[in-house]
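In: My questions are about this predicted structure, shown below with the sequence.
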Protein chains: 2
Amino acid sequence: MRKGEETRTRILDVAEAAVLQKGFGGTSIEELIAETGITKSGFFYHFRDKNELAKALLNRYIENDERIYDEIFSRARDLMDDPLQSFLLGLKLLSELLSDLPNGHPGCLVATICYYERLFDREIQEINRQAALTWRRRFRGMFEEIMAVYTPREPFDVDQLADMVSTVIEGGIVLSKALKEPQSLPEQILVFRSFVKMLFRPVQHA
Amino acid sequence: MRKGEETRTRILDVAEAAVLQKGFGGTSIEELIAETGITKSGFFYHFRDKNELAKALLNRYIENDERIYDEIFSRARDLMDDPLQSFLLGLKLLSELLSDLPNGHPGCLVATICYYERLFDREIQEINRQAALTWRRRFRGMFEEIMAVYTPREPFDVDQLADMVSTVIEGGIVLSKALKEPQSLPEQILVFRSFVKMLFRPVQHA
DNA sequence: TAAAAACCATACCGGCGGTACAGGAGCGGG
DNA sequence: CCCGCTCCTGTACCGCCGGTATGGTTTTTA
């Protein structure tokens, strides 16, 4: 019962890389089993069909994504007491982490699914939606903490501000992929960071 | 030779909608010819293969995209003399235009291609890259005009600032698709607009 | 009016997603 | 020791799809 999990993980590893490079439609099951060194029957033992592969892939991706955010922003929280400084540091750490990926960010599965909606069932689309909502909640929490201490220069809707983080990341991924400039994504995050800094930096004189 | 163009356009129309909903891999040629009311031979008369369909689709999409940007920002330029006010108005107009799409933005073909790179030849990827570079040039031009008049509160790299426009649009599209909230995209553009306003609003006293 | 453009009809190929079914290796528990 | 469960392998098959080939027909235009 351990061996099975291992094979399953191997399939998911291979599939994730392939899907991010070629999309779901462009990734053949035969190609996955060839690279995994498994047979077709073996594959279908683990996943009933491509839809279930996508579901497992997406769930795993989101889980890992959350873990990374947890780590980065809790580390930033430990280093900085002030919620604004902590958030700004978190963005910096995120930018650095993305900057260190040699080939750039491999792509976001949530975005991939967005451009394939009709191919998958509602369950997958709902998982995708929940992932985006979780991002929103996460960053809204941070902005609320900040706003308990700082007053923004202009009034902002907190949800929209929170969504801006996801927007910049998703957009940055697309842009660096299109431009073939891996540095664009971390740069865009830093630009956003400057905006946030500007928004809460006290004009207050003394 | 006019009839040919018409049929070609009809194929592209059908294909564009299908590709944005299901991706390239998920869109079958047989499905396109069924909806267009053409035969397979007829299709392959117009496009040698799927790669050429993609190329035509992408070129047409980019062309149309540029046209819309031209219209919006030249209109804004006519209404406002000041480059900052003109740019801010342009973003507002863009947001309103996107807000009026009943089903939300159908998706960006450039982004779709990004998540399929390995499926297409280098030519298509280069077209995609040039499109993103054109966006950069367009918005950099606007920011340069603004900076000739206004001094930003913080120093910014003009290219990165220009890229931020594309980032917000691409990211906003992904987010509204994931959330199934069409309003997110126009909202995010307005959030970015506020940031730009904040960046150049004169702290200058008289 | 004749060529060129814009198709239609048919047949075929190989790859791929998916199904069905038969069986086997390893392993843990009664 | 063998039963049953997990975790596969092997083989055969189906239908859809991308793509090729070939030959013919209509429509348009020079």
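Out: Now that the structure is in, tell me what you want to look at.

In: excluding its backbone neighbours, what's nearest the residue of chain A found nearest chain B?
Out: Taking Cβ to the nearest Cβ, chain B has its nearest neighbour within chain A at A:G25, 1.6 Å off. Yep, even glycine has a C-beta here, placed from its N, CA and C like the rest. Taking Cβ to Cβ, 6 or more residues apart in numbering or on different chains, and ignoring the residues beside it in sequence, A:G25 has B:G25 as its nearest neighbour in space, at 1.6 Å.

In: That neighbour: neighbour count?
Out: 19 (other Cβ atoms under 10 Å in any protein chain shown).

In: center of chain A, which residue is that?
Out: A:D65 (5.2 Å; Cα atoms, centre = their mean).

In: That residue: which element?
Out: Element membership for A:D65, per DSSP states H and E: helix A:50-79.

In: Kindly report the same for A:P102.
Out: Counting by DSSP H and E, A:P102 is part of no helix or strand.

In: Phi, psi for it please.
Out: The phi/psi pair for A:P102 (degrees, to the nearest 10) reads phi -60, psi -40.

In: what's the pLDDT at it?
Out: The model reports A:P102 with a pLDDT of 92.

In: how many neighbours does it have?
Out: 5.

In: quick one: it and A:Q183, what's the gap?
Out: Going from A:P102 to A:Q183 by Cβ to Cβ, to the nearest Å gives 12 Å.

In: And for A:R77?
Out: 27 Å.

In: Pick out whichever of the two has more residues nearby.
Out: Higher neighbour count among A:R77 and A:Q183: A:R77, with 16 against 13, using other Cβ under 10 Å.

In: Identify the residues contacting that one.
Out: Taking Cβ atoms under 8 Å, 6 or more residues apart in numbering or on different chains, we find A:R77 in contact with A:86, A:90.

In: Verify the stated contact: A:G104 with A:P182.
Out: Yes. If you go by Cβ atoms under 8 Å, A:G104 and A:P182 touch, sitting 2.9 Å apart.

In: what residues are shared contacts of these two?
Out: A:S176.

In: if we can go back for a sec, can you give me the buried ones in the helix holding A:D65?
Out: A:50, A:53-58, A:60-62, A:65, A:69, A:72-73, A:76-77 (16 or more other Cβ atoms under 10 Å in any protein chain shown).

In: Quick check: which of these are also close to DNA strand C?
Out: A:K50 (Cβ under 7 Å from any atom of the strand).

In: Going by distance to DNA strand C, which of the buried residues of helix A:50-79 wins?
Out: A:K50 (3.4 Å; Cβ to the nearest atom of the strand).

In: pretty sure the closest one contacts A:F24?
Out: Yes. Between A:K50 and A:F24 there is a contact at 7.0 Å, judged by Cβ under 8 Å.

In: what does chain A put close to DNA strand C?
Out: Counting by Cβ under 7 Å from any atom of the strand, chain A sits next to DNA strand C at A:27-31, A:40-41, A:44, A:48-51.

In: what bits of chain A have low per-residue confidence?
Out: Counting by pLDDT under 70, chain A contains low-confidence ranges at A:1-2, A:202-206.

In: Domains in it, by residue range?
Out: As given by automatic domain parsing, the domain ranges for chain A are A:1-47, A:50-200.

In: State the helix or strand in which the nearest residue in space to A:C114 that is not next to it in sequence lies.
Out: Counting by Cβ to Cβ, 6+ apart, B:K177 is the residue found nearest to A:C114 once chain neighbours are left out, at 4.0 Å. If you go by DSSP H and E, B:K177 is part of helix B:158-179.

In: orientation of that helix relative to helix A:158-179 in degrees?
Out: 110 degrees (axes from the mean of the first three to the mean of the last three Cα atoms, to 10 degrees).

In: CA-only coordinates of helix B:158-179 in PDB, if you can.
Out: Extracted as PDB, the C-alpha positions of helix B:158-179 are listed here (Å, rounded to 0.1, in the frame of the first residue of the first chain):
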ATOM      1  CA  VAL B 158       9.800  52.300 -16.900                       C
ATOM      2  CA  ASP B 159       9.800  49.000 -18.600                       C
ATOM      3  CA  GLN B 160       8.700  47.200 -15.500                       C
ATOM      4  CA  LEU B 161       6.000  49.800 -14.900                       C
ATOM      5  CA  ALA B 162       4.800  49.400 -18.500                       C
ATOM      6  CA  ASP B 163       4.800  45.600 -18.100                       C
ATOM      7  CA  MET B 164       2.600  46.000 -15.000                       C
ATOM      8  CA  VAL B 165      -0.300  47.000 -17.300                       C
ATOM      9  CA  SER B 166      -0.100  43.800 -19.200                       C
ATOM     10  CA  THR B 167       0.500  41.900 -15.900                       C
ATOM     11  CA  VAL B 168      -2.700  43.300 -14.400                       C
ATOM     12  CA  ILE B 169      -4.800  42.600 -17.500                       C
ATOM     13  CA  GLU B 170      -3.500  39.000 -18.000                       C
ATOM     14  CA  GLY B 171      -3.700  38.200 -14.300                       C
ATOM     15  CA  GLY B 172      -7.100  39.800 -14.000                       C
ATOM     16  CA  ILE B 173      -8.300  37.600 -16.800                       C
ATOM     17  CA  VAL B 174      -7.000  34.500 -15.100                       C
ATOM     18  CA  LEU B 175      -8.500  35.500 -11.800                       C
ATOM     19  CA  SER B 176     -11.900  36.300 -13.100                       C
ATOM     20  CA  LYS B 177     -12.000  33.100 -14.900                       C
ATOM     21  CA  ALA B 178     -10.900  31.100 -11.900                       C
ATOM     22  CA  LEU B 179     -13.300  32.900  -9.600                       C
END
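
In: For the following helix or strand past that helix, which outside residues touch it?
Out: For helix B:158-179, the following helix or strand on the C-terminal side (DSSP H and E) is helix B:184-200. By Cβ under 8 Å, 6+ apart, the residues outside helix B:184-200 that reach it are A:153-154, A:156-157, A:160-161, A:163-164, A:167, A:195, A:198-199, B:84, B:87-88, B:91-92, B:94-96, B:98-99, B:104-105, B:146, B:150-154, B:156, B:164-165, B:168-169, B:171-173, B:175-176.

In: For ChimeraX, write a command that selects the buried ones of the residues you listed.
Out: Here is the ChimeraX command that selects the buried residues among the contacts of helix B:184-200 (16+ other Cβ under 10 Å):
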select /A:153,156,160,161,163,164,167,195,198,199 /B:84,87,88,91,92,94,95,98,104,105,146,150,152,153,156,164,165,168,169,171,172,173,175,176
